[in-house]
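Chemist: Generate coordinates for the sequence data below:
(4 chains)
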Protein chains: 2
Amino acid sequence: MNLKELSHLLGISQTTVSRALNGYPEVSEATRARVIAAAQAHNYSPNTRAQGLATGHSRCIGHVISVNDSGEMVNPIFGDFMAGAGETYAAHGYDMMMTRVGAQDESDTYRNLQARGAVDGLVVHAPRNSDARLPLLTEIGLPFVVHGRSTGTDLDYSWLDVNNRRAFQDAARYLVSLGHSRIGLINGQETLDFAIRRREGYVSALAEAGLSVDPTLMVSGEMTEKYGFASASAMLDLPNPPSAFLVSSIICAVGVRRALDARDLKQGSDVSIVTFDDCLSYFANGSETPVFTAMQSSVRAAGAALAQMLIDRINTPDAPHTQTLWEADFVIGPSTGPYKSPHTKD
Amino acid sequence: MNLKELSHLLGISQTTVSRALNGYPEVSEATRARVIAAAQAHNYSPNTRAQGLATGHSRCIGHVISVNDSGEMVNPIFGDFMAGAGETYAAHGYDMMMTRVGAQDESDTYRNLQARGAVDGLVVHAPRNSDARLPLLTEIGLPFVVHGRSTGTDLDYSWLDVNNRRAFQDAARYLVSLGHSRIGLINGQETLDFAIRRREGYVSALAEAGLSVDPTLMVSGEMTEKYGFASASAMLDLPNPPSAFLVSSIICAVGVRRALDARDLKQGSDVSIVTFDDCLSYFANGSETPVFTAMQSSVRAAGAALAQMLIDRINTPDAPHTQTLWEADFVIGPSTGPYKSPHTKD
DNA sequence: GCGCCATTCCAAAGCGCTTTGACATGAGAG
DNA sequence: CTCTCATGTCAAAGCGCTTTGGAATGGCGC
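Modeler: Prediction:
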C-alpha cells in the first residue's frame, strides 16, 4: 500500500492524505479521522526512503563502532548504551543505525555516511585525546554529540561525560583513608580520554596523601575479564604487592577477584577492590547489596540522555552546544576494608 | 555533491556517470576511470535514499531487539553478535539497523518495518516456542533468518543454531561421569527455545544415568550475574544441595562462583561448574587456560554466518531454506572435578 | 444576488537516483 | 560508397513522498 493507492481508495488527493497524516492544520478533522482510520486498516506507513528523499532528512541516527586495534574486542557497555538511546530515538520517530569500522578507514566511514545522507546525526563513542573525528564532523557539517570528552581540542561541541577524574580521585582517597598505601590502578586503554582522566584522579589523590606513584602499579589496556585477571595477578606477585585495586570496569573487577581467589586472598579483608560500574543490566552491582565497592553511573541513562541531546541538536542546529557532567555515585560494598598487613594472621 | 553536479562537472550525462559507477558494461573503460576518479576526488557517494527509492531496495538489515518483560535486561551477547554480523554486512554494502521494542507492540514493529520499506530483511533474535514472528514475517513477505530455532511450527524457514540439547546432555553426562548425582540447572528463560532444549538435554542425561530429576534443582530466568548468584545460593542452602551446576551463560557462572565464594566452597573441588560460553570478547574463557569447564560456541561467528545467510536469502528468495546446526566445543577447565562428599575433609 | 474570506482540497513540481528506449558515431561488410 | 552493427552516450520516465501555489466550495455580510 502506498500513498497513491490509499488516496484513490479514499477518493481524496495524495496531498490531503499526506497532510492529514502529518498533522497539518489545513485538513478538516473529519477527513483526518477518515484518513487515519484507513491508513491503519491497510497498514499504511509512508515509505521511509521516499519520505526521506522529499524532506531531505533520513530520520536516522548513526553509531559508528570502532573495533579496536587487535580487531577483537567489543565494548560490553555497548548493548546497554544502545538500549537507552533506542528508547529515546523510538519516542521521536528516529531509526538507529550501526556501522562497524576498523581503525584505518575511520574518517572515510564518517565522510561516506555524510555523503550518502545516511544519517541525520551521530554519536561519537570512545573519544580519544585530540580526537580527529570532532574536527572532521564539524567540517563536513554532520551534527554529533560525544559520549565522553576529548581534551586537546579548542572546538566547541556537545558532550555528556561522567566526572571520571573526580570519581577515581574520591575512590583513591577512600582507599587511602582505609590505610592503603599501595593501590593498583587497572585502567582502560589510555589512548581513550576517560582513562587518562581516571589516571589523573588516581595520581592526584596519591599525591595529596603524600604517597609515591609506582609505575608498576599502573596498567592500561582493554577492559576484559582476562586483562583484569592478568594485571592483578602480576601485581600481586610483585615483591611489594598492592593491598588495594582501583579498577576501570566491573568486567575487569571480576578478573581481579579471580586473581585473588587463585591466591586464596579474601577480597575486602586481604585485598580491597573498588571498581567503576556502568550499571550494566546483566551485571547489576545492586544498590541494595552491592557486590563491589563502586563508582557507578548508568551507561544506559547516558545513552538516553545523549540521544536526546543529539535530537535537540538536529532540530535546532544553531542552539549553543551543551555540556553535561555527571557525578558517579560512590557505593560501599564488601569488596573494601581497612588495610591489613600481609603478615597479620586472622 | 550529487549526481547531477558530478555529471555537469564531467560534461557527461547522469546516465553514463551512474552506469560507470555501478559497473555496467555499456560504458568505456576510459570514461569509467575518469568518472571514478572524479567521484573520489569530490567525495561523491550516491544518496542512499534516492538510490533506494529508485531500486526499491534499502540495502539495510534490521535487528529488532525485544526488551524483556520487566523492560530492563539487555542481552550481553548482543554486542558480539552485531560485531560479527556487521562485518558481513559491511562487506556486502549493507547497513545495519536496530529497533528496540517492548513485548506488547512487537508485531506492529515488524509490520511497520515492512510497510515503510525500511529494511530488506531481518534477523529474528531469541526465538520462542511457536514464535508468532515467523508466520508473521512469512505472511508479510519480509525475508528473515532466525538465530536459534522455534519448535512448534511447521513453517519452513532458515536458521542457524547451536546444538543446545546435545551440549547440555554431554555436559551433564560429563558431570555424572565425575560422580555427581545432584546437579543444579541454572537455565535461561524457558519461554525461549534454546533454554527448553538445554533443559531437555539435561533431563535426558540424568534419565539415562538413572538419576531422578529434582525440580528444586532446576531454575529458569534472565541470565544475569545476580540471577546466577541467587539461584546457586538458594540451591546450596538446600538440605541436600547439589555438588555441581550446569549454567547457561558465563555471566551467570560468575554469579555462581560468587555464591561458592560466599560459602567458602572451592569450585572444582567442592562444587563443579560447567557453563555455556558464547565466547564474548570481553569475557574470553580462553582455550589455552580455560576459566570454566564450558560448552563454547562463538556468538560472533554466528552473527557473521547469519548475516551471510540473510543476504543470500535476499538475493535469491526462491532458493531453498538453509538450516545450520553447530556443535558446541566442550573444553575442560578447573571448574570441574570428581564428586566429593560434603563430609569429606581435605 | 454579489463579492469576499475561510476553509478544504488538489495538481504538479521536485527530492536524487536508476533504467528504459532511443540516438549518434565510427568501423567493417558488401 | 552505402548499409549494417556494435559501441558509447543521452533524455526522460519513474520510484513514493512532501510541499508550493492555486482553485474550488460554502458561509457570511452587504
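Chemist: how many other residues sit next to A:Gln40?
Modeler: 10 (other CB atoms under 10 Å in any protein chain shown). In this view, the C-beta of every residue, glycine as well, is placed from N, C-alpha and C.
Chemist: helix/strand/coil for it?
Modeler: helix (DSSP: H, G, I helix; E, B strand; the rest coil).
Chemist: Quick one: the helices in chain A, in order.
Modeler: A:3-10, A:14-21, A:29-41, A:48-55, A:78-91, A:106-115, A:133-140, A:164-177, A:193-208, A:225-236, A:250-262, A:299-315 (DSSP state H).
Chemist: Tell me which residues of the third one come out buried.
Modeler: Going by neighbour count (16 or more other CB atoms under 10 Å in any protein chain shown), the buried part of helix A:29-41 is A:Arg32, A:Val35, A:Ala38, A:Ala39.
Chemist: Just put the helices of chain A in CSV and tack on distance to chain B and mean pLDDT.
Modeler: Converted to CSV, these look like this (distance: least, CB to the nearest CB, whole Å; pLDDT from 0 to 100):
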stretch, distance to chain B, mean pLDDT
helix A:3-10, 11, 90
helix A:14-21, 13, 91
helix A:29-41, 10, 91
helix A:48-55, 4, 94
helix A:78-91, 3, 93
helix A:106-115, 4, 93
helix A:133-140, 9, 96
helix A:164-177, 19, 98
helix A:193-208, 16, 97
helix A:225-236, 5, 96
helix A:250-262, 5, 95
helix A:299-315, 8, 97
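Chemist: Go through the ones you listed and name the closest to B:Met309.
Modeler: For these, proximity to B:Met309 was assessed by CB to CB; helix A:78-91 is nearest, at 22.6 Å.
Chemist: just the angle between the closest one and helix B:106-115, please?
Modeler: If you take axes from the mean of the first three to the mean of the last three CA atoms, to 10 degrees, helix A:78-91 sits at 80 degrees to helix B:106-115.
Chemist: okay, now the domains of chain A?
Modeler: Segmentation of chain A into domains, based on automatic domain parsing, reads A:3-46, A:60-161+A:299-326, A:164-298.
Chemist: For A:Ala90, which non-adjacent residue is spatially closest?
Modeler: Nearest non-adjacent residue to A:Ala90, counting by CB to CB, 6 or more residues apart in numbering or on different chains: B:Arg100, 6.0 Å away.
Chemist: State the number of residues packed around the one you found.
Modeler: Neighbours of B:Arg100 (other CB under 10 Å): 21.
Chemist: Could you double-check that it sits in contact with B:Ile65?
Modeler: Yes - counting by CB atoms under 8 Å, B:Ile65 is a contact partner of B:Arg100 at 5.2 Å.
Chemist: joint contacts of these two?
Modeler: A:Met82, A:Ala83, A:Gly86 (CB atoms under 8 Å, 6 or more residues apart in numbering or on different chains).
Chemist: Can you give me the neighbour number for the first one?
Modeler: Residue neighbour count, defined by other CB under 10 Å, stands at 27 for A:Met82.
Chemist: just to revisit the earlier point, is it possible to export the helices of chain A to TSV including distance to DNA strand D?
Modeler: Output for those, formatted as TSV (distance: least, CB to the nearest atom of the strand, whole Å):
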stretch	distance to DNA strand D
helix A:3-10	3
helix A:14-21	3
helix A:29-41	10
helix A:48-55	3
helix A:78-91	18
helix A:106-115	19
helix A:133-140	24
helix A:164-177	42
helix A:193-208	39
helix A:225-236	48
helix A:250-262	44
helix A:299-315	14
